Structure formats: C-alpha cells, structure tokens
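**Q** coords below, sequence missing:
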C-alpha cells in the first residue's frame, strides 16, 4: 500500500477538483481521540480494509489498492458541506463482538465504474448515475467488502464479529440524513482511504463510526476494554442475599433447637402411642416405559425429511448470469460417469446413479455414507 493521504488531498478529492476554497474538516475536538487511539484505529482500518480490497479485487478482476487511512473527528454536517454528491451509503450494524454501526461511503460516479467492472465491462463509463441492477451489484460488492473487513477484525480481536444485513441508499441531497440515529451535529469518527483500481479509478472511500464504537475498537486492541459494571452490581446483590440467608439460618437453627427440646420431652409418650402399630416396608409401583418409548420412536420415524439430489455445481460471473437465455449450456464440475450425491438436511447420506423408471427420473443408490446415517 502507498503512503496515507494528507488532509488537503482528502478535501480536494471530496470536492471533486482542486479548488482554491476547500472546506476544513479537521478534527472538531482533538481531545476526543488520543494519538495512540488514532494510531490503533489506523492500523485496524489498514488491515481490515486491506482484506476488503482483496475481496473487491477478486470480484472485478483488477488490482485494487487502498492506502493507510487518515483518522479525524468531525460531524455529519461538516462532512456534508465537503462532499460531492450523489453518494452511495452502505450501513451495517455490529451484532456480535462489538456494538455500534459502520457506514461505508462511495461516490456514485466511482460506484458506476465498480459496477461496470463487476458486469464484465472495461470500467469506462459515461453515465454518472446507477441503474437498479448496478446499484444492487455495487451494494453487494460493498457488503462483501464490509464482511471481509469484519472477518479481519475478528482475527485481530480474537473474538467473533458479526454484522447485520446491510442497508444501502443513494445520498443525493444536502438536506437528507445519512443515518437515522445520528444527528448532523453529533461528532463522529471519519476514516478516509484512497482507493485506486489500476488506471481506471483514483478516488476515496469513507468509513463513518460513532465515537463510542471507535473507542471500543481501540480499547479492545490496546487491552483496556472496560467490562460493563452490571455484573458487579449483581455480585453485590448476591452478597447481600448470602448475608440475609446466613441470618435466616441462624434464626432457623435457634427455633429448631427449641423444637428438638420439646420433641425429646414427648418422645416417651410418642413411643407408647405407636408401640402397637405394625411397621411395613413401603411398596413402590413399577412403571413400564417401553410402550411410551416405542410410541415416541414411532412418531420420530414418521417425520418427513427432504432429500436433495446434487448433480454438481458451477461458478459464473454476474455478466454471464445476466446473459443466460434459452439454450445456454452450463457445465458442472461433475463428470458424466460420476455418482450423484443425496443430501438430507445438508449432509451427504448416499451416492447414486440417475436411472429412468416408467419415464420418470430416479436414483439407484450404490453407496451409503455411514458416517452421516
């Protein structure tokens, strides 16, 4: 990866040209993030977006470079004033590992280049807008990038990191909100990367994090993560409960001692009362569970299961799939004489060969996979 962007380069790219008047998006409060936290966030962004660049490169078949990020504290309002619109925004929420949300921003003109490459084009586009299919393709690319970034973060954090299904939107108005639960005046962490796709695209992409999410990521990496204090409150309440139980036990012991004394004084009279009674062993009724067990087993045996026959599989590009028509031949990864797989609940239980029975296709099972049966 090449060297990181200067703040001036970020502003110039955001404006779309190197104009003399550039809005300042330097941090609004340098005390929000320490230099160490910025360095840590930069390293996390460098590794996670490096993984995202690899995912994008695999999708479009071109070399993709993403630079070391520039971290700054700003507000959505200040970002809005510096943006060249329209932009496409992909919003995801972290559901496991960390909390908060992450917004990935890309100019629509850049997204059009990515969509064209994904559909097998040359990357040279004239239109500055996205069709419905192109928007869907770019959203999927950005989603895979964020998924790859989350996987890289999980490796760095040594914990599972999951993300929610993404929400994408075209941000084409200076008055519309970028995110539902972030106000324009709320301070956010802006992570800017320079994106280069060979000789076709030289622009930037943006990540927007809440301050809480950014600090959480930094604390995990630095080993200073603060665990919620709720468990401590629970422990304290347990200790209180233990003390109360001890007091109750002492009271019970005192009353029990008095009862034992009273019982001992009356024991002789009790013996006389029960001396004439006959003592017999307790008889227990024998229960037979075999009938119920056989009935339950029979019920389980009647549960229907779906069987799937897998002939093979294949991979094709988005462009090739969109060009499918009547008569298109799709080669599978199986040879003609190889047995097909029988799947039940996603597991291969047997192998067989396709035969014709009464003009209907059928499977002649030739091998049972005993490990899954």
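**A** Done, it's in. What you see is a predicted model, and the numbers here were worked out from it, not measured in a lab.
**Q** Doesn't residue 77 belong to a strand?
**A** No: looking at residue 77 with DSSP: H, G, I helix; E, B strand; the rest coil, it is helix, so not inside a strand.
**Q** Report the separation between it and residue 83.
**A** 11 Å (C-beta to C-beta, to the nearest Å). Glycine gets a C-beta too; all of them are placed from N, C-alpha and C.
**Q** now residue 56, what's its secondary structure?
**A** helix.
**Q** That one - nearest residue in space that isn't next to it in sequence?
**A** residue 64 (5.0 Å; C-beta to C-beta, 6 or more residues apart in numbering).
**Q** Over to that neighbour: give its phi and psi.
**A** Backbone dihedrals for residue 64, given as degrees, to the nearest 10, come out at phi -120, psi 130.
**Q** Any idea how many residues pack against it?
**A** Neighbour count for residue 64, taken as other C-beta atoms under 10 Å: 21.
**Q** Spit out the contact partners of it.
**A** 53-54, 56-57, 195-197 (C-beta atoms under 8 Å, 6 or more residues apart in numbering).
**Q** in the chain, which spans are helices?
**A** Using DSSP state H, the helices of the chain run over residues 7-15, 35-60, 76-82, 108-118, 132-157, 211-222, 230-265, 267-274, 290-301, 318-322.
**Q** low pLDDT regions in this structure?
**A** Along the chain, segments meeting pLDDT under 70 span 1-30, 173-179, 227-303, 373.
**Q** so the residue nearest to residue 56 bridges to which residues?
**A** residue 197 (DSSP bridges).
**Q** cool, the one 10 residues further on as well?
**A** Here residue 74 sits in beta bridges with residue 188, as judged by DSSP bridges.
**Q** Isn't it up against residue 188?
**A** Yes: applying C-beta atoms under 8 Å as the test, residue 74 and residue 188 come out as touching, 6.5 Å apart.
**Q** more crowded one of these two?
**A** residue 188 (26 against 19).
**Q** residue contacts, residue 104?
**A** Applying C-beta under 8 Å, 6+ apart, the residues contacting residue 104 are 89-90, 92, 142, 145-146, 205-207.
**Q** rewinding a little: which one's more surrounded, residue 77 and residue 83?
**A** Neighbours were counted for residue 77 and for residue 83 using other C-beta under 10 Å; residue 83 has more, 21 against 13.
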